[in-house]
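Engineer: one predicted model, sequence on top.
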Amino acid sequence: MPAPAPPNRATTAAKIAANPIGYKVCEGCDSIVGSGAVLCPNCHGYRFEASAERVIHQARILGAREQTSVTAQDLG
C-alpha cells in the first residue's frame, strides 16, 4: 500500500491563517507549531511569537514555497 500523500502546503497554510490563535511561530527556526507546544519539534527551541499577525505572515511565507526543513516524519 503506498504512503499517503503529504498535505498541500498552501492548503495547510490557509487553514493556519484562518485560525492563527491556535498556532505560534518558533523564533529559532520559524516553524509554525500548535499553541500548546512547549518545545519546537524541529529545533527544540522554546521561544515563540504568538501574535496573529506573525502567524499569518509566516503561514503565507511557508505556504508559498517548498519544504526545506527536515522533520521527525521525514526521518521515520
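Structural biologist: Cool, the structure landed.
Engineer: right, and residue 38 touches residue 45 too?
Structural biologist: No. When contacts are counted by C-beta atoms under 8 Å, residue 38 is not listed as touching residue 45 (10.4 Å). Using the backbone N, CA and C atoms, a C-beta is placed for each residue, glycine as well.
Engineer: roughly how far apart are the residue positioned nearest the centre of the chain and residue 54?
Structural biologist: By C-alpha atoms, centre = their mean, the chain has its centre lying nearest to residue 32, at 2.8 Å. For residue 32, the distance to residue 54 equals 10 Å [C-beta to C-beta, to the nearest Å].
Engineer: still on that earlier bit, for the residue nearest to the residue nearest to the centre of the chain when sequence neighbours are not counted, give me its contacts.
Structural biologist: Spatial nearest neighbour of residue 32, excluding adjacent residues (C-beta to C-beta, 6 or more residues apart in numbering): residue 23 at 5.2 Å. With contacts defined as C-beta atoms under 8 Å, 6 or more residues apart in numbering, residue 23 is in contact with 16, 32, 33, 34, 35, 50, 55, 59.
Engineer: check contacts around the first one.
Structural biologist: Contacts here follow C-beta under 8 Å, 6+ apart; on that basis residue 16 touches 22, 23, 32, 55, 56, 59.
Engineer: quick check: residue 62 is in a helix.
Structural biologist: Yes. Per DSSP: H, G, I helix; E, B strand; the rest coil, residue 62 lies within a helix segment.
Engineer: what's around it, how many residues?
Structural biologist: 21 (other C-beta atoms under 10 Å).
Engineer: contacts only, for it.
Structural biologist: 9, 13, 30, 32.
Engineer: just to revisit the earlier point, which of the contacts of residue 16 lies closest to residue 67?
Structural biologist: Sorting these by distance to residue 67 puts residue 32 at the head of the list, at 12.2 Å, by C-beta to C-beta.
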